[in-house]
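Engineer: Sequence plus predicted model, see below.
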Amino acid sequence: MFSFFKKKPKEEEIIEEKIVEAIEPDIIKSNEIIQDIIEKKEEIVEIEQVTKEKGFFARALEKTINNFTSIVPKKQEKISFDIVEELLIESDMEYEIVELAMDGLPDMVTKDQLRHRLISLFEHAPDIDTSNLPQPYVQLIIGVNGAGKTTTIAKLASRYKKAGKKVILGAGDTFRAAAIEQLSTWAGKLEVPIIKTKQGHDPSAVAYDTIHSAVAKNFDHCIIDTAGRLQTQTHLNKELQKIVKVCNKAYEGSPHQKLMILDGTQGNSAIAQAKAFNEMVGIDGIIVTKLDGTSKGGALFSISNQLELPILFVGIGEKADDLIEFNPDEFVDGLLDGIYL
């Protein structure tokens with residue numbers, strides 16, 4: 001009756017041990033194969049991401065590269081110093097920055113030599129640590145009308161939402177009814193909540209209410225729009241300074257980022273705008289929009305170098321996915337691949 005409790009005969013134990021010994025190498029090999037597959041998948045994902053970034057920057061710099069090919073019709077291994085200088089000036093890089101990049105280079109310049117110099121132009125911009133963000137993370141979006149503020153806000157919201165984060169928007173551009181409507185439309189498409197009021201109402205109140213709601217409901221990201229303004233519009237600029245103070249009252253330490261949206265088609269002329277706003281409220285980073293619509297891609301070197309601010313994102317197109325983290329290596333490679341072998 002209780003035979004099933006009996007100890008196994010020694011022969012059976014020996015047979016089991018032999019079976020285990022026989023199949024153990026196969027099990028180990030199978031585990032190694034599985035691990036190898038996992039590692040290869042991770043490599044493929046990494047390669048796909050790099051390829052995506054390269055493709056994105058190639059699209060963004062298409063007009064700039066087309067402009068280059070009018071000077072250098074065929075790709076070359078080495079390009080003369082004078083022609084490289086002409087290419088950089090043609091791309092709307094300020095002459096002071098061109099001189100800095102070209103200083104000490106030989107008569108015939110290789111891709112690697114120029115690549116190293118161009119990437120170094122971005123190195124002075126401070127790094128931003130995104131590993132331990134406060135919750136909610138409050139971003140105030142600043143820029144002139146037409147720079148692409150509202151669309152960029154939507155792109156940021158889409159990016160955060162896809163990363164599994166809770167996002168709330170604040171329609172702080174109460175100066176224009178169209179701005180409130182446009183951001184509301186994007187909020188509806190992205191299915192994210194928005195705090196808004198009527199045209200002409202106090203934008204500081206919108207900022208306060210948005211942050212208050214974000215804190216109360218445990219949102220991860222809070223993105224607040226502001227009225228498009230020129231650095232010469234004194235009343236609007238005082239209003240911007242007030243919004244910054246009110247944000248800090250609503251949630252101490254906020255806004256955590258004040259982001260300046262610059263229209264890429266303006267090239268170097270956008271630098272004066274950014275400098276004025278930086279002096280006014282202290283800008284933390286730059287997002288460049290409409291880069292695919294200009295041949296002035298070289299202006300990004302001047303923007304970063306002159307302002308000593310990081311370029312965080314680059315936007316092209318109107319789709320929610322048309323925004324990518326700025327990568328100096330991929331940007332420079334996208335520029336040079338058009339003229340060098």
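Structural biologist: Nice, thanks for sending it over. Numbers count the residues shown, from 1 in each chain.
Engineer: quick one, helices of the stretch 101-250 of the chain?
Structural biologist: Here the stretch 101-250 of the chain has its helices, by DSSP state H, counting those that start in this stretch, at 111-120, 149-162, 177-190, 203-216, 234-250.
Engineer: in the last one, what counts as buried?
Structural biologist: It stands for helix 234-250. 236-237, 239-240, 243-244, 246-247, 250 (16 or more other CB atoms under 10 Å). From N, CA and C alone the C-beta is placed, and that goes for glycine too.
Engineer: Following the chain past that helix, name the next helix or strand.
Structural biologist: strand 257-263 (DSSP states H and E).
Engineer: Can you lay out the helices of the stretch 101-250 of the chain as CSV showing distance to Phe68 and mean pLDDT?
Structural biologist: Shown next, in CSV, are these (distance: least, CB to CB, whole Å; pLDDT from 0 to 100):
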stretch, distance to Phe68, mean pLDDT
helix 111-120, 12, 96
helix 149-162, 27, 95
helix 177-190, 35, 94
helix 203-216, 43, 96
helix 234-250, 38, 90
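Engineer: Minimum distance to Asp329: which of those helices has it?
Structural biologist: The closest of the helices of the stretch 101-250 of the chain to Asp329 is helix 111-120. By CB to CB, the value is 6.2 Å.
Engineer: Can you give me the buried ones in the closest one?
Structural biologist: Neighbour counts over helix 111-120 (16+ other CB under 10 Å) mark 111, 114-115, 117-118 as buried.
Engineer: Could you pull up the contacting residues of Arg176?
Structural biologist: 145, 199, 227-228 (CB atoms under 8 Å, 6 or more residues apart in numbering).
Engineer: Pull out the buried members of the residues you listed.
Structural biologist: The neighbour count (16+ other CB under 10 Å) marks 227-228 as buried among the contacts of Arg176.
Engineer: what about the strands in the stretch 1-150 of the chain?
Structural biologist: Here the stretch 1-150 of the chain has its strands, by DSSP state E, counting those that start in this stretch, at 78-80, 108-110, 137-142.
Engineer: Just put the buried residues of helix 234-250 in JSON lines and tack on distance to Asp103.
Structural biologist: Below are those laid out as JSON lines (distance: CB to CB, whole Å):
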{"residue": "Leu236", "distance to Asp103": "41"}
{"residue": "Asn237", "distance to Asp103": "38"}
{"residue": "Glu239", "distance to Asp103": "44"}
{"residue": "Leu240", "distance to Asp103": "39"}
{"residue": "Ile243", "distance to Asp103": "42"}
{"residue": "Val244", "distance to Asp103": "39"}
{"residue": "Val246", "distance to Asp103": "47"}
{"residue": "Cys247", "distance to Asp103": "43"}
{"residue": "Ala250", "distance to Asp103": "48"}
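Engineer: Perfect, that will be all.
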